[in-house]
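# pasting the sequence and the predicted coordinates here, then a few questions.
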Amino acid sequence: MRGLPLAAWAYVCGVVVLATGLIATSSFAELDWSKLAVLAVLFLVCDSAPARLNVERARVSMSFAASLASVVLLGPAGAALLGCCAVVTGQRILAPEKRLFNGAQFALSGFIAGTVFEVLGGDRFRPEQARWVENVIGPFLGALVAFVAVNLTLTTVVLLLSRQAAPRELIRDSGQLAVGCLAYGMFGLLIAGLWPRVGPLAAVLVLLPLFIARWAMEQAHDQHQAHAATLASLCQAVETKDYYTRGHSERVSRGSVMIAKEIGMRPDRVEAIRYAGMLHDVGKLGVPTKVLQKNGSLTAEEFAAIQLHPMRGLEIVREIGFLDEALAGIMHHHEKVNGRGYPMGLVADEIPEFARVISVADAFDTMTSTRSYRPARSIEEAVAELKRCIGDHFDPVMVEAFLRALDRDGWEPPEPVTPPDDDVAETTRQDHDDPSAPLRVAGDEVRK
């Protein structure tokens, strides 16, 4: 608790006190303690093995299934009491204050969901009613939505007050979290529906599909991590061609995401543009190193090789299915809104949105990074250059979005580069990414 701001500390204490008072004033005269004991064991087993999602630091507990089953089988008071089991969860990484907060939020979520269930006409568990399952589905869905909404709201507030997440991040990630919570919660209906026929064995029978669901989520998470590792390896291969560009792809990716979020792209497109930013220069693998490192003027053929690197990039990664729209960004990130870019000379809105985003992030990072032929420019100088090139090189919407994000989030330029021995270091002598640096072709300066 010592690391929490005062507002977050007060909020956590308030939630814990509210849940404690609610349980203390509830009546447990009609509570079936044997059902509570079985569901408590199920809750602890499930809560000790949460599933990871493709959201940073986010996990979804399978205990949602036990909690929602208790809403039907035990009522509001029993569901609240079951939620307290989160205090003794098997998740060893949780600090005591987090355990208390989790127990309180599960208790409040269970009580409110149980109340919603009863208000909507849901009956408690009565095996003698032949049409019990049909009567309970509607109220259960209402209780499920209420449970997830309360749980996520309580969590969101504490994250905001403790400054562990920004509002935009929470809005972006809330959809995936809600889907995971709703999916696990639906298993609660399965437990409640099986209970009339098999009793406590229902909890055991549901463990298998629950862990299969968890396995599927873990597989999706691992696949996402494998994708990221694959892309990182490709980026590393590109950057071995030039000592000075190491880390460039990652920074362009970050800048592209800043713009994408600022203009309101959907989360799936934000993820795609993250990939596109990482791989935008993968086509350099198809450009001879001697061309990239040439210190004098380029021949027409050498300049053509540089102009073709976006198409080479497309050829290299086009079979990677998950890239999807990112391919257009890789292919066209050197197009210019005045039609004088390459490889196809597209104009303005003819240029794919991803490419217009990457173009801005790419140029900004290049200008604020040290190169073999010049030191890094200041952020103020790079911003001035972006503004100068609006409507000529860059899309005005993308530049303005980047500048807004830059003012809000800031930018960490790379540290000045100190290359190893000249006989070892590979460096590019001319830069096709810098809008203020000319490329020299057969004695002529071609302004980029």
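In hand now; what should we look at?

# residue boundaries of the helices in the stretch 51-200 of the chain?
64-83, 96-119, 132-161, 167-198 (DSSP state H, counting those that start in this stretch).

# what pLDDT does residue 75 get?
pLDDT, residue 75: 88.

# so how far is residue 206 from it?
20 Å (C-beta to C-beta, to the nearest Å). Quick note: C-beta positions are derived from backbone N, CA and C, even for glycine.

# between these two, who's got more neighbours?
Counting neighbours by other C-beta atoms under 10 Å for residue 75 and for residue 206 shows that residue 75 has the greater number, 25 against 21.

# check contacts around the residue lying closest to that one once chain neighbours are set aside.
Closest residue to residue 75 apart from its sequence neighbours, by C-beta to C-beta, 6 or more residues apart in numbering: residue 114 at 5.4 Å. Going by C-beta atoms under 8 Å, 6 or more residues apart in numbering, residue 114 touches 70, 71, 74, 75, 76, 77, 78, 79, 80, 143.

# most neighbours among these, which one?
residue 71 (35 neighbours).

# that one and residue 115 touch, don't they?
No - the pair residue 71 and residue 115 does not pass the contact test of C-beta atoms under 8 Å, sitting 9.3 Å apart.

# give me the below-cutoff pLDDT ranges for the stretch 251-400 of the chain.
Residue ranges of the stretch 251-400 of the chain with pLDDT under 70: 289-298, 321-322, 372-373.

# go with 90
261, 264-272, 274-334, 338-345, 347-349, 366-379, 389, 391-393 (pLDDT under 90).

# quick one, helices of it?
Counting by DSSP H, counting those that start in this stretch, the helices of the stretch 251-400 of the chain are 267-279, 289-292, 300-307, 309-317, 326-332, 353-367, 379-388, 396-409.

# so which of those comes closest to residue 65?
helix 267-279 (25.9 Å; C-beta to C-beta).

# what packs against that closest one?
With contacts defined as 3 or more C-beta pairs under 8 Å, 6 or more residues apart in numbering; DSSP states H and E, helix 267-279 has these neighbours: helix 167-198, helix 201-239, helix 248-262, helix 326-332, helix 353-367.

# could I get those helices as a markdown table with distance to residue 400?
As requested, these are exported to a markdown table (distance: least, C-beta to C-beta, whole Å):
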| stretch | distance to residue 400 |
| --- | --- |
| helix 167-198 | 17 |
| helix 201-239 | 28 |
| helix 248-262 | 9 |
| helix 326-332 | 19 |
| helix 353-367 | 10 |
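
# among those helices, which is nearest residue 48?
Across the helices and strands packed on helix 267-279, closest to residue 48 is helix 201-239 (C-beta to C-beta), at 11.4 Å.

# about what we covered before: ok, of the contacts of residue 114, which one's closest to residue 32?
Checking the contacts of residue 114 one by one against residue 32 (C-beta to C-beta), the nearest turns out to be residue 74, at 6.8 Å.

# show me what contacts the closest one?
Contacts of residue 74 (C-beta under 8 Å, 6+ apart): 31, 32, 35, 36, 39, 81, 82, 114, 124.

# that one and residue 37, how far apart?
Taken as C-beta to C-beta, the span from residue 74 to residue 37 is 11 Å.

# show me the contacts for the closest residue to residue 20 other than its chain neighbours.
Closest residue to residue 20 apart from its sequence neighbours, by C-beta to C-beta, 6+ apart: residue 104 at 7.5 Å. By C-beta under 8 Å, 6+ apart, the contact set of residue 104 is 15, 16, 18, 19, 20, 83.

# buried among the residues you listed? Need that as a selection in PyMOL.
Per 16 or more other C-beta atoms under 10 Å, the buried members of the contacts of residue 104 correspond to this PyMOL selection:
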select buried, resi 15+16+19+83
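
# return the member of the contacts of residue 104 nearest to residue 270.
residue 15 (31.5 Å).

# assumed the closest one was part of a strand.
No - counting by DSSP: H, G, I helix; E, B strand; the rest coil, residue 15 is located in no strand; its state is helix.

# my guess is it meets residue 108, correct?
Yes - under the criterion of C-beta under 8 Å, residue 15 is in contact with residue 108, at a separation of 7.0 Å.

# what number of residues lie near residue 163?
11.

# can you tell me how far the closest residue to it other than its chain neighbours sits from residue 268?
Sequence neighbours aside, residue 5 is the residue nearest to residue 163 in space, at 6.7 Å (criterion: C-beta to C-beta, 6+ apart). Distance, residue 5 to residue 268, by C-beta to C-beta: 33 Å.

# does residue 365 touch residue 251 like I think?
Yes - using C-beta under 8 Å, residue 365 is in contact with residue 251, at 4.5 Å.

# tell me which of the two has more neighbours.
residue 365 (28 against 23).

# show me the contacts for the more buried one.
248, 251, 252, 255.

# so how many other residues sit close to the third one?
The burial count assigned to residue 252 is 29, neighbours taken as other C-beta under 10 Å.

# okay, it and residue 280: tell me how far apart.
If you go by C-beta to C-beta, the gap between residue 252 and residue 280 works out to 6 Å.
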